[in-house]
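Give me the fold of what follows.
(chains A and B)
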2 protein chains.
Amino acid sequence: MNDSKLIARRKAILGPTYQNFYDKPLHLVRGSGTKLWDVDGREYIDSYNNVVSVGHCHPHVVEALCKQAATLNTHTRYLHEGIVELGEMLVARMPAAIDTCIFNCTGSEANDLATQIARHVTGNQGVAVTEASYHGVSELTRRLSTDSYPAQDRPDWLAVIEPPNLYRGPYRRDDPEAAQKYLQQACQQFDLLEARGHKLAAVMIDLVWDSNGPLVSPPEYLLGLCAEVRKRGGLVIADEVQSGYCRSGEHWWTSDVYGLEPDILTCGKPMGAGHPLALMATKRAIIDDYASQYHYFSTFGGNPVSAAVGKAVIEVIEAEGLLQNAHETGAYLEAGLRDLAAQHECIGDLQGRGLFWGLDMVTDRTARTPFSEIQMRHLGSLIAEQGVITGTSGRYGQILKLRPPLVFSRTDADKVLAALDSALHKLEI
Amino acid sequence: MNDSKLIARRKAILGPTYQNFYDKPLHLVRGSGTKLWDVDGREYIDSYNNVVSVGHCHPHVVEALCKQAATLNTHTRYLHEGIVELGEMLVARMPAAIDTCIFNCTGSEANDLATQIARHVTGNQGVAVTEASYHGVSELTRRLSTDSYPAQDRPDWLAVIEPPNLYRGPYRRDDPEAAQKYLQQACQQFDLLEARGHKLAAVMIDLVWDSNGPLVSPPEYLLGLCAEVRKRGGLVIADEVQSGYCRSGEHWWTSDVYGLEPDILTCGKPMGAGHPLALMATKRAIIDDYASQYHYFSTFGGNPVSAAVGKAVIEVIEAEGLLQNAHETGAYLEAGLRDLAAQHECIGDLQGRGLFWGLDMVTDRTARTPFSEIQMRHLGSLIAEQGVITGTSGRYGQILKLRPPLVFSRTDADKVLAALDSALHKLEI
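Reported below is the predicted structural model:
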């Protein structure tokens, strides 16, 4: 089908902030499980979209959505079982000490509120984030997203620390003191922040450093970082929009993988399998302090329909054993990716866990020269031609990102690995 | 049914930021059109909830939601007809010169982005809002919400102007120069802002001043205000979350009621009839300027399901003639309210239009002493006992607010008027 008319209409009505993946945009019309179909009936395996955490159009989620939407959809100023049940289900799966849920619609809203609360309860204004971080699109969370604007525009209350990238960062796997050195770099930034007159309200960390990777941190670095932030009076905010909801294959939350005990945990994307549902969860003492001065009300957040969807997603994850699947299929996928890396020089590094993997693409293994944007677009298109949807990420846009729905199977993994192999061979010709 | 256990569980899991309407919270379980039913089967007429713009659980909206949720739900980085069609439908109904849509999930997000864009394109930081305004809960929009935090915490880039309340404000209906005087007051605030070193990026106006009223402005004040803002280099942002979507009974947008031509128009609540869908619409030159430096992507905003819901809501509004209904039933409701005001001394004033009315409740007509919070809660409970749901608003919480779904009928109006009459009689005993 010729999409040029639709593309022109889209440009006319939505304007230039709307970007498409792929030079020839995918025009998708149907999804089911890990499969997507385009307008010409072409089938794709989705190895990118984590938002549809339990797979595209999962019947149990759709049923819960439709049933509640046909029954009642109000807001949280009336009493309703749904939000209470969803909150209880979430807290039961949360890191210890997290006992209170506030629902909103997007990860941006959750991170924005988390930062407001951290500033209120600490009385401090400083916030630490990593280089090339992404935490949202509100004014505040955009300032926390160092990948989204020029470094010279950074506010003076922002401390920017190096993500622990052991392949590409300043300190690498061959350095036994890498963790310690990353921590020292963070402390220097905290010192500079304090010298600028700002104490730390919080560190906000995406626990897979999605826009850098994914990355896997030395645990001692991450735990040391959190201890340092607390020592300086700040809170630890775990941004689990990317890393949460069983993505790691080890725990519901990557906080628990590291043994990190955050003061505030945020989530969004996977919670509603596509329905706008997000969460800021924290400890009761923190929210009591905040509530003594501020109210918070989200018109749509945690409404009966959102709550029904949120519950259904958790039910599917547990009924279908998707944490275990992320672990097992993730290990299978990892093994296949390591085989590919052994065969293809252009895969410089492989990091990730569970069902979240990144291939650091290089033109030169020794120099670790990252693929250019054009090379990455070409690679993505070659893979898409094989019927597989992937994504890109990374500080230089050089990461080929695999982050499929949690229902991803071994058969899916085989097809994705074959498509990658074929695309990489074509690239090397 | 005894809700005490559910209330206790709710408090335990959601914490103190979650407030309930009514001392004895309503436990609603079903909705249809303008009707709501509680857990004991008690029926209520909803004369408060504007979010369910086309009525609770409208079958056409539910069907569109379910059909699309069962088919595909991705995001706007793939091509899809839905968002393009929704954008085209909206722009066709927009004030002249507004030609470009950016979708997100909440009014907060729309207003936050609008302010970011206004600051970028003007190069200025100052923003003007009215006293007791409400524009959202993100860090930035909370600062724009002067009803949400103590006056001493206002940032120096904020100019706060008086809303044109001709009953309760400093200049009143009996003053033929009231409009001019409100404008002078605004200019003084703009001068003070500039003296603090901030030029105007924008004025953000809720065109019904919901948290003050609703209010009806002298057109010359509003148009004069916008001209003044533009003269000083700022943009005009019409926050139509409350005032838009046919609420006025005169035009789709209250901007068009006043002949105001905003640079940016935002909307949220009514667009998805409960589904989290919001909009920031503007002129192409503005978004082109912004896009030259920034991208914007909302994971959920304008996804295929949200777009299907948004389209269905517009289809219902037009198929059922709800703009006309807001006009006709609104006029009928107004006549009944004026009758009540003639009978009950405690109704100090009546303002509004279409299907949005506010009764300014007073203990003394001459002194215009507003009802206390306790008196308002008592009144609301008395009305609820008659099976009618209302709300409160206003700078002193003294406004009894009627803002029903747009499908509100004459029969509904009769029942609401009777309940008000009965409750007011009880109050006067």
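
From one end of stretch A:67-75 to the other, what's the distance?
End-to-end distance of stretch A:67-75 (Cα to Cα, to the nearest Å): 17 Å.

any bit of that stretch sitting next to chain B?
Yes - contact of stretch A:67-75 with chain B (Cβ under 8 Å from any Cβ of the partner chain) involves A:Ala69, A:Ala70, A:Thr71, A:Leu72, A:Asn73, A:Thr74, A:His75. Backbone N, C-alpha and C define where each C-beta goes, glycine included.

The fifth one: neighbour count?
For A:Asn73, the tally of surrounding residues (other Cβ atoms under 10 Å in any protein chain shown) stands at 27.

so it is in which element?
Using DSSP states H and E, A:Asn73 maps to neither a helix nor a strand.

Not counting sequence-adjacent ones, nearest residue to it?
Once flanking residues are discounted, A:Asn73 sits nearest to B:Gly274: 3.8 Å by Cβ to Cβ, 6 or more residues apart in numbering or on different chains.

Now for the one you found, how many residues are close by?
B:Gly274: 33 neighbours (other Cβ under 10 Å).

isn't it right up against A:Asn303?
Yes - in this structure, B:Gly274 is within contact of A:Asn303 by Cβ atoms under 8 Å, at 6.6 Å.

residues shared between the contacts of these two?
Common neighbours of B:Gly274 and A:Asn303 (criterion: Cβ atoms under 8 Å, 6 or more residues apart in numbering or on different chains): A:Asn73, A:Thr74.

From the residues of stretch A:67-75 next to chain B, pick the one nearest A:Gly259.
If you rank the residues of stretch A:67-75 next to chain B by distance to A:Gly259 using Cβ to Cβ, A:His75 comes first, at 37.3 Å.

List the contacts of the residue lying closest to that closest one once chain neighbours are set aside.
Nearest non-adjacent residue to A:His75, counting by Cβ to Cβ, 6+ apart: A:Asn303, 5.4 Å away. Taking Cβ under 8 Å, 6+ apart, we find A:Asn303 in contact with A:Asn73, A:Thr74, A:His75, A:Thr76, A:Ile83, B:Gly274.

Show the pLDDT at A:Asn303.
Looking at A:Asn303, its pLDDT reads 96.

Next, count neighbours for the nearest residue to A:Met204 once chain neighbours are set aside.
Closest residue to A:Met204 apart from its sequence neighbours, by Cβ to Cβ, 6+ apart: A:Ile237 at 4.4 Å. For A:Ile237, the neighbour count with other Cβ under 10 Å is 31.

roughly how far apart are A:Ile237 and A:Pro164?
As judged by Cβ to Cβ, to the nearest Å, A:Ile237 and A:Pro164 stand 17 Å apart.

ok, now A:His135?
Distance, A:His135 to A:Pro164, by Cβ to Cβ: 17 Å.

Could you check which of these two has the larger neighbour count?
Shown here are A:His135 and A:Pro164; by other Cβ under 10 Å, A:His135 has more neighbours (32 against 25).

show me where pLDDT drops low in chain A?
A:1 (pLDDT under 70).

In it, where's the longest helix?
Criterion DSSP state H: the longest helix present in chain A is helix A:322-343.

Report the contact partners of the spatially most central residue of chain A.
For chain A, the residue nearest the mean C-alpha position is A:Gln242 (1.9 Å; Cα atoms, centre = their mean). Each residue near A:Gln242 by Cβ under 8 Å, 6+ apart is listed here: A:Asn50, A:Asp206, A:Leu207, A:Val208, A:Asp210, A:Pro214, A:Lys269, A:Phe356, A:Arg403.

change it to 10 Å
Applying Cβ atoms under 10 Å, 6 or more residues apart in numbering or on different chains to A:Gln242 gives the contacts A:50, A:107, A:134, A:206-211, A:213-214, A:254, A:267-270, A:356, A:393, A:403.

ok, now A:Ala418?
Contacts of A:Ala418 by Cβ under 10 Å, 6+ apart are A:Gly336, A:Leu340, A:Gln386, A:Val388.

Any chance of TSV for these, columns distance to chain B?
Formatted as TSV, the contacts of A:Ala418 follow (distance: Cβ to the nearest Cβ, whole Å):
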residue	distance to chain B
A:Gly336	26
A:Leu340	26
A:Gln386	17
A:Val388	14
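
Please identify which pair of those lies farthest apart.
Farthest-apart pair in the contacts of A:Ala418 is A:Gly336 and A:Gln386; separation 14.8 Å (Cβ to Cβ).

Report the backbone C-alpha coordinates of the helix or strand hosting A:Val416 in CSV.
Per DSSP H and E: A:Val416 is located in helix A:410-428. Taking Å, rounded to 0.1, in the frame of the first residue of the first chain, the C-alpha atoms of helix A:410-428 are listed here in CSV:
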residue,chain,number,x,y,z
ARG,A,410,12.1,-19.5,22.2
THR,A,411,10.6,-19.7,18.8
ASP,A,412,10.5,-15.9,18.6
ALA,A,413,14.1,-15.7,19.9
ASP,A,414,15.2,-18.1,17.1
LYS,A,415,13.6,-16.0,14.5
VAL,A,416,15.0,-12.8,15.9
LEU,A,417,18.5,-14.3,16.1
ALA,A,418,18.3,-15.6,12.5
ALA,A,419,17.1,-12.1,11.3
LEU,A,420,20.0,-10.4,13.1
ASP,A,421,22.5,-12.9,11.7
SER,A,422,21.2,-12.4,8.2
ALA,A,423,21.1,-8.6,8.5
LEU,A,424,24.6,-8.5,9.9
HIS,A,425,25.9,-10.7,7.1
LYS,A,426,24.3,-8.3,4.6
LEU,A,427,25.9,-5.4,6.4
GLU,A,428,29.3,-7.0,6.1
